[in-house]
Each structure stands twice: as C-alpha cells, then as structure tokens.
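[1] Would you be able to build a 3D model of this:
(one chain, ligands or ions: 1)
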Amino acid sequence: MILLPRLGLDAKVAKKLEEYQQEVLIPRGYTARVAEAKRLFSRYNSKNNATFKSVKAVLTQMCSGARRCSYCEDSVADEVEHIWPKDLYPERAFVWDNYCYACGPCNGPKNNQFAVFVGTSRNPTLLAHPKSKKSQPAPTLKKPASGKPVLLDPRQDDATRWLTLDILNTFQFVVSAKDKTRDAARAKYTLEVLGLNRAPLPTARAQAFDGYRARLREYCEEKRAGAPASRLELLRDALLRVSHPTVWVEMKRHHEKVPTLKPLFAEAPEALFWNPLPGAGG
Ligand SMILES: [Zn+2]
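    Sure, this is the predicted structure:
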C-alpha cells in the first residue's frame with residue numbers, strides 16, 4: 001500500500017459531489033443522516049451517473065497497474081471505497097478525499113470496521129453501530145467517538161513508513177514502527193483489517209519481485225550495450241507501470257541487503273529515484 005498520487009476532480013464534478021453531500025445533511029439527526037448517506041450513495045454511484053463516471057475515471061488514474069486495488073495492489077479495483085465508512089460518517093459519504101478504488105476481497109471484510117484514538121490513548125477504540133434485527137424497528141444510532149483515525153489512509157499516509165515488506169523471504173508485511181506507539185497500532189490494525197498478508201498476496205508479491213528484477217536487469221543490459229535514452233526511458237516507464245508498486249519501493253529501500261539486487265542498482269543507480277507511475281488504467 002503506497003501513498004496514492006494526489007489528483008483532483010474537475011471543478012464541475014467537485015461541485016456536484018458537494019451538492020450530493022449537502023443532500024445527506026438535509027435530514028435532522030445522526031440516525032436519519034446515516035440512512036440518507038446509504039440511500040443517496042447507492043442512487044448516485046451508478047453506471048449512468050456522469051459525476052461518478054468522472055470520479056471513477058480519476059480513481060482509475062490513481063491506481064497502480066491495470067486498475068489494481070489501492071489497498072492490496074493485486075486484484076481489480078471495482079468498488080468506490082469510503083476510507084472513513086459512510087455508515088459511521090455520513091458527513092463524508094460524498095467527500096472526494098475519502099474515496100479510493102478497492103477490490104471486493106479488501107472492501108468486503110473491512111466493511112464498516114473503523115477505529116480511532118480517543119484523547120491521548122495509544123490504544124484503538126473500535127467503532128461500530130449495534131447490529132439491528134430485521135424484525136425490530138431500526139435503533140437510534142450514536143455518533144462515533146471522536147479522535148484520530150487508526151486505519152492507514154492511502155490518500156494521506158505513506159504506509160511504507162510503518163509497514164515493511166519482507167522481500168528476502170516471506171513477502172509478508174511486518175510492522176516496523178516503534179513498539180507501543182500509535183504508529184505501530186495503526187500499522188497492526190491496518191494489516192489485520194485489510195488482511196494484507198492473506199493468501200495468495202505473498203505469492204503475487206514474490207512474482208512481482210521477479211518481474212521487477214527481470215525488467216531492471218533488461219534495463220541494465222541495454223544501458224551497457226549503449227541503447228539510446230529514449231529506449232531506456234521506455235524500459236523505465238514499463239517497469240514503473242507494473243502492479244504491486246510497494247514491492248518496487250521495498251526493492252529500492254532494501255537493495256543493499258539483497259544479493260541479486262545490489263549489482264543491478266550499482267549499475268543503474270538512477271533507478272533508486274524512480275517512483276511508481278499511476279497505472280495504465282483500463
Ligand atoms: Zn484489494
């Protein structure tokens with residue numbers, strides 16, 4: 001999970017989203033607004049809605065590879081995900097910064113899970129509405145406790161600061177933030193809620209590693225053979241459009257510890273400054 005590129009919406013689209021958000025806030029009271037957020041989001045987030053077509057087009061540009069999920073970087077992203085769940089935060093149902101494109105296997109289990117740090121606590125407070133039974137009237141809902149969010153946010157946070165990918169062995173993420181800090185609690189919570197080490201993600205990352213390394217080797221070989229700059233730029237851009245950009249970020253970060261990477265980065269030190277490109281879309 002990398003920090004997504006910061007792209008904006010067209011002014012007309014942004015204004016329309018603001019209008020949708022205002023509609024959510026028309027009913028009085030929190031419970032009514034939660035219901036309204038759900039109703040309006042399923043109404044407007046449709047194939048024929050021009051605003052959401054544009055929203056999805058920009059979210060697609062932000063994805064890695066061929067529209068890969070902003071969380072796991074592996075599966076196709078096909079759901080407009082509310083990072084702060086709209087069920088808890090109806091006031092964010094139509095807020096652009098609260099959207100990313102996610103896949104079903106990430107979005108499903110995350111669902112409405114969210115947590116905050118209340119006050120100065122280093123322990124997450126889990127937030128959830130009581131489950132309502134179909135036979136009973138809908139309960140009156142309480143606003144969630146206020147506090148800083150625990151889940152790492154791909155629109156705001158560079159998760160690689162606190163989560164490290166083990167590219168030497170398991171291809172699983174491990175928490176690298178200092179123990180007993182809020183950063184460590186955020187990294188651990190994010191890993192668990194999104195299931196970022198679930199099968200087959202480590203296998204997919206190991207394959208991505210092999211792919212990146214092969215492309216870097218090809219770049220080094222052509223550079224050595226005197227290929228023109230335009231050809232080398234093509235090779236660079238092709239490498240940077242591959243999915244699993246976190247794997248590439250970690251290859252740069254840990255190249256000195258990996259015997260098969262060290263000589264390649266020594267031959268092409270410029271590659272240490274190559275950052276993932278937004279994907280080819282699709
Ligand atoms: Zn995913």
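[2] The helix or strand hosting Leu232 packs against which elements?
    Leu232 belongs to helix 229-240 when assigned by DSSP states H and E. Under the contact definition 3 or more CB pairs under 8 Å, 6 or more residues apart in numbering; DSSP states H and E, helix 229-240 sits against helix 201-224. Glycine gets a C-beta too; all of them are placed from N, C-alpha and C.
[3] hang on, the earlier thing: what sits up against the helix holding Leu232?
    Helix 229-240 has contacts (CB atoms under 8 Å, 6 or more residues apart in numbering) with 212, 215-216, 218-219, 222-223, 248, 271, 274-277.
[4] just those now: which is nearest the ion?
    Distance ranking of these against the ion, using CB to the ion, places Pro276 first at 16.2 Å.
[5] Per-residue pLDDT of that closest one, please?
    Pro276 is assigned 86 on the pLDDT scale.
[6] do the same with the one 5 residues further on
    The model reports Gly281 with a pLDDT of 55.
[7] Looking at Leu152 now. What's its pLDDT?
    pLDDT for Leu152: 97.
[8] What's the local residue count around the spatially closest residue to Trp84 that is not a sequence neighbour?
    Spatial nearest neighbour of Trp84, excluding adjacent residues (CB to CB, 6 or more residues apart in numbering): Arg92 at 4.8 Å. Number of residues near Arg92 (other CB atoms under 10 Å) recorded here: 19.
[9] Helix or strand next in line after the helix holding Leu232, which one?
    Once the chain leaves helix 229-240, the next helix or strand it forms, by DSSP H and E, is helix 245-253.
[10] Next to the ion in this structure, residues from this protein, please.
    Cys69, Tyr71, Cys72, Ser75, Cys103, Cys106 (CB under 5 Å from the ion).
[11] Quick one: mean pLDDT over the helix holding Leu232.
    96.
[12] which among the contacts of helix 229-240 end up buried?
    Tyr212, Arg215, Leu216, Tyr219, Lys223, Trp248, Ala271, Trp274, Pro276, Leu277 (16 or more other CB atoms under 10 Å).
[13] What ranges does this structure have for its strands?
    Applying DSSP state E to the chain gives strands spanning 79-82, 99-102, 114-117, 125-127, 148-149, 163-165, 173-175.
[14] okay if I get these as TSV plus mean pLDDT and distance to Lys38?
    TSV is the format used below for those (pLDDT from 0 to 100; distance: least, CB to CB, whole Å):
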stretch	mean pLDDT	distance to Lys38
strand 79-82	96	11
strand 99-102	96	16
strand 114-117	96	16
strand 125-127	94	17
strand 148-149	96	21
strand 163-165	97	31
strand 173-175	98	32
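[15] If you count neighbours, what's buried in the lowest-mean-pLDDT helix or strand in the chain?
    Sorted by mean pLDDT, DSSP states H and E, the helices and strands of the chain end with helix 104-110, the least confident at a mean of 90. Residues of helix 104-110 classed as buried: Pro105, Cys106, Asn107, Lys110 (neighbour count, 16+ other CB under 10 Å).
[16] what do you get for stretch 5-15?
    By 16+ other CB under 10 Å, the buried positions in stretch 5-15 come out as Leu9, Val13.
[17] OK, contacts around the closest residue to Gln113 other than its chain neighbours?
    Spatially, and ignoring its direct neighbours in sequence, Gln113 is nearest to Val193 (5.1 Å; CB to CB, 6+ apart). Shown in contact with Val193 (CB under 8 Å, 6+ apart): Pro109, Lys110, Gln113, Leu151.
[18] Which residues are in contact with the second one?
    This points to Lys110. Tyr71, Glu81, Ala102, Val193, Leu194.
[19] Also the third one?
    Gln113 sits next to Pro85, Leu126, Ala128, Val193 when contact means CB under 8 Å, 6+ apart.
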